[in-house]
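K.L.:
Got a predicted structure plus its sequence, pasted below:
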Amino acid sequence: MNMKRTFKTLLLGGLVFISAIMGTDVSARSDHHQAILGGVWKFKQAEYMEMPSPTQDYQVKQVISDEEDLFAFGCYQLLAKGADFRNEDVLIVESLYQPYVGRYHFYERTSVSGKKQTVMYFGGIEDMGKDAPETDLKFDAPDIQYIIEFIDENTISITVEAVCTENGVDTMGAVKCIMNRYEI
């Protein structure tokens, strides 16, 4: 009986230790991402992608070099044409039809092929209508998830996914907007 209690204590202690390490690691990565992102990012090019099956990753179907050509992808109205990371957790995203203001944070997930992805969760109903700090705007971003990739210190991509219906056919797709840091 005593041996069983000791084993449970060790197991619980190990889980707490692993959780603490993982939590610190996620927090450190999040701080690192926020430090890299600070500032304004502008559209460079985009890729329209489709997922051929639920077990395969996205495949590029079209490269979009002109920002105006993004309007052909109206189903992806939340795509990010530009981003302004104002402070440690406030972001303004220039989407297809309007800008959105919200708080953001990161988490990681695994794609269908097993590749780790950094996801940026943006906005939320709990902040809707409240004043955004350091702006004359109000928080208005709905719950949005973007896949974000850090290409280099001056280039990122922000991808929005959606299921779009055309002529009665549903297609799982995404638009990956590649952006460069904008120097003022």
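P.N.:
Received, thanks.
K.L.:
okay, CA-based contacts and neighbour counts for the rest of this
P.N.:
Will do.
K.L.:
How is the chain divided into domains?
P.N.:
As recorded under automatic domain parsing, the domains making up the chain are 1-37, 39-182.
K.L.:
Out of the ones you listed, which one sits most buried?
P.N.:
Ranked by mean neighbour count under mean count of other C-alpha atoms under 10 Å, the domains of the chain are led by domain 39-182, which reaches a mean of 17.
K.L.:
So residue 60, which state does it fall into?
P.N.:
For residue 60, the assignment made with DSSP: H, G, I helix; E, B strand; the rest coil gives strand.
K.L.:
Let me know whether it touches residue 52 as I believe.
P.N.:
No: here residue 60 does not reach residue 52: they are 10.5 Å apart, not a contact under C-alpha atoms under 8 Å.
K.L.:
shared neighbours, these two?
P.N.:
Overlap of the contact sets of residue 60 and residue 52 (by C-alpha atoms under 8 Å, 6 or more residues apart in numbering) is empty.
K.L.:
Now tabulate the domains of the chain in CSV and tack on mean pLDDT.
P.N.:
Listed next are those as CSV, based on pLDDT from 0 to 100:
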stretch, mean pLDDT
domain 1-37, 42
domain 39-182, 91
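K.L.:
distance between the ends of stretch 84-98?
P.N.:
End-to-end distance for stretch 84-98, by C-alpha to C-alpha, to the nearest Å: 14 Å.
K.L.:
Got the phi and psi for residue 37?
P.N.:
Dihedral angles of residue 37 (phi, psi; degrees, to the nearest 10) stand at phi -80, psi -20.
K.L.:
ok, it - contacts?
P.N.:
Residues near residue 37 by C-alpha under 8 Å, 6+ apart: residue 85.
K.L.:
oh, and call the first residue 11 from now on, that's how I've got it
P.N.:
Will do, 11 is the new start, and the previous item becomes residue 47.
K.L.:
How are the strands of this protein distributed by residue range?
P.N.:
49-60, 69-74, 92-95, 100-104, 109-120, 126-132, 154-162, 165-176, 179-192 (DSSP state E).
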